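Novice: Sharing a model prediction with you, sequence too.
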Amino acid sequence: MPQHATHPQHPDHDRAFPTLTLRAADAPVIEPGPDQRWSTWTSVTRGQRGPDPRPDWVVTADAALDTELGVLKTGKEADVFLVERAVPGDPDRTSLLAAKRYRGRDHRQFHRDAEYTDGRRVRRTRDQRAIEDRKSAWGRAMAATQWASAEFSALGALWDAGAPVPYPVQIDGTELLMEFVGGVTGDGAYQAAPRLARARPDRELLADWFDQLRDAMGVIARLGWAHGDLSPYNVLVDGADDGGRLVIIDVPQIVDLVANPFGADLLHRDCRTMCAWFASRGLDVDADELFADVFAQAW
């Protein structure tokens, strides 16, 4: 199982704090302030929570509050927000989460759904029919939920298999809460780990990162899957100042190499895309060799 860095102690930052009111018996009651809500951990079922054993940093207390701290990323199919889940007054029970919130089909730009979802079914035939009906509001809502559920399930399986992915904390409808991959800057601001596309490593580090990438793609292939949309923009470099650990993100479109007729082609495209980036940085790599290596691990 991949090692995940412990989140640093969080510095003071400008945000609203929960307010206190008094009941008749003069017992203090905490009420969420602006951009806050009670933790949704207890409102979701066990199957909507991440795999066991959970990392120590996951906060499960009923008294925890979720505070939205800002936008991490805007994307074609979803936006990602930074959320702090913490028990007021208890700094030992605090964690940072990335909240990925999927849009309905009306507000998305993911036009090639069928290429990725071919061979993927949902449990209830009523919901499957709704998803296929692109004109109904219910169908659009179900499609957004399907993508969120697919990513949550994939992250759980990948985490269990030892792949370098964020830990999936929970899912609630179209909102997926997962581990925040990043840290705190010298001036106290939270900062997500940089994307691989922005990195300028030396040759030795470049070779190490390629080995990490090949190993990660192998783990995915041994589950019978391909990422399907792998690029330097959905690979993060966690701890770049200390050499860096690659973390793969954005896996809602993960494809079955057997059930999906486009599976092998999508895997080959992943290999070409990633090898093109490494080659542009001066590393001698071959996309066909990477494909043969990874694809062979699926069988």
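Specialist: Now that the structure is in, tell me what you want to look at.

Novice: The stretch 1-150 of the chain: helices as residue ranges?
Specialist: Listed in chain order, the helices of the stretch 1-150 of the chain (DSSP state H, counting those that start in this stretch) span 113-117, 125-132, 137-161.

Novice: Which residue, other than its chain neighbours, is closest to residue 50?
Specialist: Leaving aside its chain neighbours, residue 50 sits nearest to residue 168 (4.7 Å; criterion: CB to CB, 6 or more residues apart in numbering). In this view, the C-beta of every residue, glycine as well, is placed from N, C-alpha and C.

Novice: Might you report the residue contacts of residue 163?
Specialist: Contacts for residue 163 (CB atoms under 8 Å, 6 or more residues apart in numbering) come out as 2, 216, 219, 220, 248.

Novice: Mark out where each domain of the protein begins and ends.
Specialist: Per the record, the chain has its domains at 25-184, 193-296, by automatic domain parsing.

Novice: worst average pLDDT in the ones you listed?
Specialist: Note on the domains of the chain: lowest mean pLDDT is at domain 25-184, with a mean of 81.

Novice: That one: how far from the chain's middle?
Specialist: 9 Å (CA atoms, centre = their mean, to the nearest Å).

Novice: hang on, the earlier thing: could you let me know which of the contacts of residue 163 ends up closest to residue 175?
Specialist: Top of the list for closeness to residue 175, among the contacts of residue 163 and by CB to CB, is residue 248 at 20.7 Å.

Novice: Test my guess that that closest one contacts residue 235.
Specialist: Yes. Residue 248 lies in contact with residue 235 (CB atoms under 8 Å); the separation is 5.7 Å.

Novice: Can you list the buried residues in stretch 283-299?
Specialist: For stretch 283-299, burial by neighbour count (16 or more other CB atoms under 10 Å) applies to 285, 287, 290, 291, 294, 295, 298.

Novice: scratch that, stretch 39-51
Specialist: For stretch 39-51, by 16+ other CB under 10 Å, it's 39, 40, 41, 44, 48, 49, 50.

Novice: what residues does it touch?
Specialist: By CB under 8 Å, 6+ apart, stretch 39-51 touches 58-62, 64-66, 85, 152, 156, 159-160, 167-172, 177.

Novice: Let's see that with 10 Å instead.
Specialist: 52, 58-66, 83, 85-87, 149, 152-153, 155-157, 159-160, 166-173, 175-179 (CB atoms under 10 Å, 6 or more residues apart in numbering).

Novice: Can I get that stretch as CSV, trimmed to CA atoms?
Specialist: This file holds the C-alpha atoms of stretch 39-51, laid out as CSV (Å, rounded to 0.1, in the frame of the first residue of the first chain):
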residue,chain,number,x,y,z
SER,A,39,-19.6,16.5,8.6
THR,A,40,-21.5,14.3,6.2
TRP,A,41,-19.5,11.2,7.3
THR,A,42,-22.4,9.8,9.4
SER,A,43,-25.0,10.6,6.8
VAL,A,44,-23.7,8.2,4.2
THR,A,45,-23.9,4.4,4.4
ARG,A,46,-20.9,2.1,5.0
GLY,A,47,-20.6,1.3,1.3
GLN,A,48,-20.2,5.0,0.5
ARG,A,49,-17.1,5.3,2.7
GLY,A,50,-13.5,4.5,1.8
PRO,A,51,-11.9,1.1,2.2
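
Novice: helices or strands next to the lengthiest strand in the chain in the packing?
Specialist: For the chain, the strand with the greatest residue count under DSSP state E is strand 90-102. In terms of contacts (3 or more CB pairs under 10 Å, 6 or more residues apart in numbering; DSSP states H and E), strand 90-102 is packed against strand 65-74, strand 78-87, helix 137-161, strand 168-172, strand 175-179, strand 182-184.

Novice: Name all residues that make contact with residue 247.
Specialist: 2, 4, 163-166, 179, 181, 193, 196, 212, 216, 234-239.

Novice: how about it, secondary structure?
Specialist: Assigned with DSSP: H, G, I helix; E, B strand; the rest coil, residue 247 falls in the strand class.

Novice: Can you tell me how far it is from residue 257?
Specialist: 22 Å (CB to CB, to the nearest Å).

Novice: go on, residue 155?
Specialist: Separation of residue 155 from residue 257 (CB to CB): 18 Å.

Novice: Of those two, which one has the most company?
Specialist: residue 155 (27 against 22; other CB atoms under 10 Å).

Novice: Now do the same contact list for that one.
Specialist: 50-51, 163, 165-169, 171, 176, 178-179, 248-249, 251-252, 254.
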